[in-house]
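K.L.:
turn this into a model:
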Amino acid sequence: MLQPANVHEVALTLVPGLGPRLIRQLLSYAGSAENVFALPVAKLIKVPGIGRQTAENILKYKNTSLAEEVLEKAEKNETSVLPFTHPSYPLQLRQIPDFPPLLYTRGDGALDFSRSVAIVGTRHATAYGKSVAEELVEALVPYSPVIVSGLAYGIDIAAHKASLKYGLPTYGVLASGTDIIYPAVHKQIARDMLTSGGLLSENPPGTKPDAHRFPARNRIIAGLAQVIVVVEAAKRGGALITARLGQDYNREVLAVPGNIGQVYSEGCHKLIRENVAGICTCAEDIVNQLGWLHSGSETTQAVTLDLSNFNEKEQKVITLLSENKFEMDLDDLCVRTKMRVSEMASVLLSLELQGLVSPLPGRRYRLKLAITGTAQTSLFV
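P.N.:
All right, here's what the predicted structure looks like:
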């Protein structure tokens with residue numbers, strides 16, 4: 001179990017009035033969470049967005065006893081506490097502007113969301129909606145994505161159950177702490193998910209699932225996913241919030257159409273009508289939207305490729321793509337290589353002209369090579 005967060009990083013997230021963006025501003029200004037607590041009020045209020053009351057609140061949490069209790073509870077609950085700077089923090093999530101500075105994770109699954117599908121919908125799912133959710137998950141098995149949802153009644157739990165049934169890793173994003181499963185009837189399913197997926201939350205252990213935490217939870221679901229699929233939804237509800245957040249985060253959004261006049265099809269039809277979502281009638285729509293290739297349909301032919309023939313930036317991109325299942329998002333590439341978008345665009349164009357990289361929908365890029373050694377690769381044909 002990873003436990004890399006230090007007590008000051010946890011303490012900072014407990015300060016009233018500090019949201020994800022302000023915490024990142026403080027860390028950028030001070031250099032570390034420990035340094036933040038060492039600053040006097042006069043310097044804290046110079047940070048944009050930090051008023052006197054918030055500055056005084058920060059100093060009240062200089063005593064880290066509460067944060068120490070959080071870390072102890074997390075350890076007892078076998079929960080890892082990941083700051084956003086840790087290598088295990090999901091890169092997909094770090095791309096959104098309001099990502100959680102700390103992530104509490106429970107389970108044995110790898111936090112690899114390079115291929116991820118959020119399946120969400122109403123708590124009052126019909127038999128039709130549940131069967132569609134299961135059919136989508138079953139058909140996605142050859143592409144090995146992670147299935148993300150919120151562990152709620154209805155469509156959410158149908159997606160989790162189908163993932164367990166067909167052997168796909170699945171993560172439940174909670175509005176509570178990882179030690180409080182809501183609704184409680186899903187405790188056994190949550191336990192089963194821990195073996196290949198797990199539970200995620202931005203809330204420390206012991207946090208109850210209060211109503212205001214669910215919209216915040218939905219942004220994490222949207223942030224972790226490459227595509228959000230709304231299976232059934234009323235005109236209003238959490239699934240529509242997740243879909244619109246996905247649109248804001250430049251994620252793909254799809255909705256399953258239903259019968260005209262059906263209450264829990266109205267939300268899906270609204271998303272399609274307002275051009276928030278494309279139509280999803282089968283898993284192939286998801287695959288085509290993301291430009292995935294069937295992992296079993298690829299054959300390789302060994303071709304020697306000496307990486308020393310490429311400049312340093314090109315080598316970085318080739319190596320990084322090869323380490324991330326050959327596909328990555330443009331923004332993710334920029335973050336990992338510390339290149340500006342204009343620099344990265346130039347490198348990708350050069351590699352594309354050399355026949356090594358191909359662009360995909362959604363500002364993603366695919367390496368046509370599978371690296372087999374430090375100096376050579378195998379070319380897909």
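K.L.:
hmm, what's the outermost residue in the chain?
P.N.:
Here the centre of the chain is the reference, and by C-alpha atoms, centre = their mean the most remote residue is residue 42, at 36.8 Å.
K.L.:
which elements pack onto the helix or strand where that one lies?
P.N.:
Using DSSP states H and E, residue 42 sits within helix 41-44. Applying 3 or more C-beta pairs under 8 Å, 6 or more residues apart in numbering; DSSP states H and E, one finds that helix 41-44 contacts helix 52-60. Glycine gets a C-beta too; all of them are placed from N, C-alpha and C.
K.L.:
check the offset of the helix it packs on from the chain's centre.
P.N.:
Relative to the chain's own centre, helix 52-60 is displaced by 31 Å; criterion: C-alpha atoms, centre = their mean, to the nearest Å.
K.L.:
now do the residue nearest to residue 328 when sequence neighbours are not counted against residue 160, distance only.
P.N.:
Distances taken as C-beta to C-beta, 6 or more residues apart in numbering place residue 321 nearest to residue 328, at 5.7 Å, with adjacent residues excluded. Applying C-beta to C-beta, to the nearest Å, the value for residue 321 to residue 160 is 30 Å.
K.L.:
more neighbours, these two?
P.N.:
Between residue 321 and residue 160, residue 160 has the larger neighbour count (other C-beta atoms under 10 Å), namely 29 against 23.
K.L.:
so that one, which state does it fall into?
P.N.:
At residue 160 the chain is in helix, as set by DSSP: H, G, I helix; E, B strand; the rest coil.
K.L.:
return the residues in contact with it.
P.N.:
Residue 160 makes contact with 147, 149, 151, 170, 172, 189, 193, according to C-beta atoms under 8 Å, 6 or more residues apart in numbering.
K.L.:
restricting to C-alpha, output stretch 51-67 in PDB.
P.N.:
The C-alpha trace of stretch 51-67 is given here as PDB (Å, rounded to 0.1, in the frame of the first residue of the first chain):
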ATOM      1  CA  GLY A  51      -7.900  36.600   2.200                       C
ATOM      2  CA  ARG A  52      -7.100  37.400   5.800                       C
ATOM      3  CA  GLN A  53      -9.700  34.900   7.100                       C
ATOM      4  CA  THR A  54      -8.400  32.000   5.000                       C
ATOM      5  CA  ALA A  55      -4.800  33.000   5.900                       C
ATOM      6  CA  GLU A  56      -5.700  32.800   9.600                       C
ATOM      7  CA  ASN A  57      -7.400  29.400   9.000                       C
ATOM      8  CA  ILE A  58      -4.200  28.100   7.500                       C
ATOM      9  CA  LEU A  59      -2.200  29.000  10.500                       C
ATOM     10  CA  LYS A  60      -4.800  27.200  12.800                       C
ATOM     11  CA  TYR A  61      -4.000  24.000  11.000                       C
ATOM     12  CA  LYS A  62      -0.200  24.400  11.600                       C
ATOM     13  CA  ASN A  63      -0.800  21.900  14.300                       C
ATOM     14  CA  THR A  64      -0.900  18.700  12.300                       C
ATOM     15  CA  SER A  65      -2.600  16.500  14.800                       C
ATOM     16  CA  LEU A  66      -5.800  16.200  12.800                       C
ATOM     17  CA  ALA A  67      -3.900  15.400   9.700                       C
END
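K.L.:
contacts for it?
P.N.:
Identification of contacts with stretch 51-67 by C-beta under 8 Å, 6+ apart yields 7-8, 10-12, 14-18, 22, 26, 36-37, 41, 44-45, 50.
K.L.:
strands of the stretch 151-300 of the chain, start to end?
P.N.:
Remark: strands assigned in the stretch 151-300 of the chain by DSSP state E, counting those that start in this stretch are 170-173, 198-201, 227-230, 252-255, 278-279, 300-303.
K.L.:
quick one: average pLDDT of the last one?
P.N.:
Pointing back at strand 300-303 there. Averaged over strand 300-303, pLDDT sits at 41.
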